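Engineer: Turn this into a model:
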Amino acid sequence: MEVEFKDAELFKRIMETVGSLMADVSLDFTEDGFSIKAMDPANIAMIMFQGAKGLFNSFNVENNTKLSVSLDDLNSILKLLKKDDRLRLTDSKNKLNLDISGKNKLHFAIPLIDENYTAQKVPQLKFSAEVTLLSALLKEAIKAGFLVDDSLYLTVEGQRVILSAKSEEKEFTEDLSINDNREIFNVKSEAITRSKYSIDYLAKFLTSLDPDKPVRMSFSNNYPLKLEYELSTNANMSFILANRIE
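Structural biologist: The predicted structure is shown next:
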């Protein structure tokens, strides 16, 4: 296997997000591109990434290839990437080789992890509410909610979206309407819908997303959340997060 990324910075951002949730990762390469599908060690969140061949300047994958590596090893190398650097990945002799080309040429080899890997099944979920809004809006609400508690409530009432947090002594509420806010692009709900989620996980999910990109959240009453966004025309990330019991 030998591939070279068009945008090495994008791959770096993806791995930073994955690395905030788990210690190692399996990159699954096929003739169509590469993907990630994994559950965090606490079984609270599932991460799914899909990248097409369009992410690469060159893409030579003859057989389906699974490369499992330590994210500490991988991300410590990716931190060295500079803007416009090229990144090439190859595998050989139980190693993942990383070649960075720019002002200087750097070569690294890190061990592949021989692990008992079981492909994760994506749960079939049915949602009663869906909200699409600007990432910056959600990021700001997460920061505000963190000042109050470690959980964020998502509520949809008609065309209103309410983001809130509450502790014994503090409260935070942001009441938004699709009719008044151009940063909310879509709101759908069968009825009043409300559920509670970890702020820490929500913040980690958005690590790789630009503030000016939209993010879609789907949920139901006291039910898991599915969060989805597009990183580029060739890359999509989604997450499933267990709800917190009220």
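
Engineer: Count the neighbours of the nearest residue to Phe146 once chain neighbours are set aside for me.
Structural biologist: Once flanking residues are discounted, Phe146 sits nearest to Ile199: 5.2 Å by C-beta to C-beta, 6 or more residues apart in numbering. Every residue, glycine included, has its C-beta placed from N, CA and C. Ile199: 19 surrounding residues under other C-beta atoms under 10 Å.

Engineer: distance of Ile199 from Val69?
Structural biologist: 29 Å (C-beta to C-beta, to the nearest Å).

Engineer: can you check Arg160 too?
Structural biologist: 44 Å.

Engineer: swap in Leu154?
Structural biologist: As judged by C-beta to C-beta, Leu154 and Val69 stand 34 Å apart.

Engineer: what secondary structure does the residue of the chain most remote from its centre sit in?
Structural biologist: Distance from the C-alpha centroid of the chain peaks at Glu169, with 32.2 Å (C-alpha atoms, centre = their mean). Here Glu169 is recorded as coil under DSSP: H, G, I helix; E, B strand; the rest coil.

Engineer: Torsion angles phi and psi at it?
Structural biologist: Here is the backbone geometry of Glu169 (degrees, to the nearest 10): phi -110, psi -20.

Engineer: change the start of the numbering to 51 and stick with it
Structural biologist: Shifting the count to begin at 51 puts that one at Glu219.

Engineer: got any ranges where this structure has weak pLDDT?
Structural biologist: 165-169 (pLDDT under 70).

Engineer: how does it divide into domains?
Structural biologist: Residue ranges for the domains of the chain, per automatic domain parsing: 52-161, 179-291.

Engineer: Tabulate the ones you listed in a markdown table, adding columns for distance to Gln170.
Structural biologist: Converted to a markdown table, these look like this (distance: least, C-beta to C-beta, whole Å):
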| stretch | distance to Gln170 |
| --- | --- |
| domain 52-161 | 5 |
| domain 179-291 | 10 |
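
Engineer: is it fair to say Thr205 lies in a helix?
Structural biologist: No: if the criterion is three-state DSSP, then Thr205 is strand and not within a helix.

Engineer: can you pull the contacts of it?
Structural biologist: Residues near Thr205 by C-beta atoms under 8 Å, 6 or more residues apart in numbering: 211-214, 242-244.

Engineer: ok, the closest residue to Leu105 other than its chain neighbours - how many residues close by?
Structural biologist: Spatial nearest neighbour of Leu105, excluding adjacent residues (C-beta to C-beta, 6+ apart): Asn284 at 4.7 Å. For Asn284, the count of nearby residues is 17 (other C-beta under 10 Å).
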